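> After the sequence you'll find the predicted model.
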Amino acid sequence: MTIDYHRRFLKHFKQRILPRPSVDRQFKKRLQLFLVDRTDSILADHALHGDMEGKRSFSINGDIRVIYRMNGETILFYDIGTHNQVY
């Protein structure tokens, strides 16, 4: 499995996540869990609808989400931020 990062994800990661070390640590833990078993209930992984049809989301903590799309063995992370920021 390969992970690619959209430029929006990289920009928002630097702005929204890196300044908060505890959230950055939580992201790294959840990313490892995602790579092992993305169906783990703690991730709350789910398909998106409407304008985001074809994308999925998983939770980093109570409010931080990662928006991504799967294409075969490649996962493209599109965005990261609070629920209000990414939807």
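Sure thing, it's come through. The structure presented is a predicted model; accordingly, all values stated were derived computationally and were not measured. Numbers count the residues shown, from 1 in each chain.
> going on from the longest helix anywhere in the chain, what's the next piece of helix or strand?
As assigned by DSSP state H, the longest helix anywhere in the chain is helix 21-36. Using DSSP states H and E, the helix or strand that follows helix 21-36 in sequence is strand 46-47.
> Neighbouring strands of that following strand in the sheet, and parallel or not?
Here strand 46-47 has these sheet partners by DSSP bridges: strand 56-59 (antiparallel).
> what distance separates the partner strand from the middle of the whole chain?
Strand 56-59 sits 6 Å away from the centroid of its parent chain (Cα atoms, centre = their mean, to the nearest Å).
> contact partners of it?
30, 34, 38, 42-48, 65-70, 86 (Cβ atoms under 8 Å, 6 or more residues apart in numbering). C-beta here means a position set from N, CA and C on the backbone, and glycine is covered the same way.
> What does the pLDDT read for Glu53?
On the pLDDT scale, Glu53 is placed at 97.
> just Phe27 next, same as before
The per-residue pLDDT of Phe27 was computed as 97.
> cool, and the one 4 residues further on?
Per-residue pLDDT puts Leu31 at 97.
> circling back: if you count neighbours, what's buried in the longest helix of the chain?
23, 26-27, 30-31, 34 (16 or more other Cβ atoms under 10 Å).
> before we move on, back to that, can I have the buried ones of the contacts of strand 56-59 as a ChimeraX selection?
Only the buried entries of the contacts of strand 56-59 go into this ChimeraX selection, using 16+ other Cβ under 10 Å:
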select :30,34,43,45,48,65,66,67,68,69,86
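> now Asp45: how far from Ser59?
8 Å (Cβ to Cβ, to the nearest Å).
> Sorry, slip of the keys, the one I care about is Arg20.
16 Å.
> Please apply the same query to Tyr5.
18 Å.
> CA atoms only for stretch 9-29 - export them in PDB, please.
Provided in PDB are the C-alpha atoms of stretch 9-29 (Å, rounded to 0.1, in the frame of the first residue of the first chain):
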ATOM      1  CA  PHE A   9      -3.300  18.000   2.700                       C
ATOM      2  CA  LEU A  10       0.400  19.000   3.100                       C
ATOM      3  CA  LYS A  11      -0.500  22.700   3.400                       C
ATOM      4  CA  HIS A  12      -3.300  22.100   6.000                       C
ATOM      5  CA  PHE A  13      -1.100  19.500   7.900                       C
ATOM      6  CA  LYS A  14       1.500  22.200   8.400                       C
ATOM      7  CA  GLN A  15      -1.000  24.900   9.400                       C
ATOM      8  CA  ARG A  16      -3.400  22.800  11.500                       C
ATOM      9  CA  ILE A  17      -1.600  19.800  12.900                       C
ATOM     10  CA  LEU A  18       2.200  20.500  13.300                       C
ATOM     11  CA  PRO A  19       1.600  23.500  15.700                       C
ATOM     12  CA  ARG A  20      -0.300  21.100  18.000                       C
ATOM     13  CA  PRO A  21       2.300  18.400  19.000                       C
ATOM     14  CA  SER A  22      -0.400  16.300  20.800                       C
ATOM     15  CA  VAL A  23      -2.500  16.100  17.700                       C
ATOM     16  CA  ASP A  24       0.600  15.300  15.600                       C
ATOM     17  CA  ARG A  25       1.300  12.400  17.900                       C
ATOM     18  CA  GLN A  26      -2.300  11.200  17.700                       C
ATOM     19  CA  PHE A  27      -2.200  11.500  13.900                       C
ATOM     20  CA  LYS A  28       0.900   9.200  13.700                       C
ATOM     21  CA  LYS A  29      -0.800   6.600  16.000                       C
END
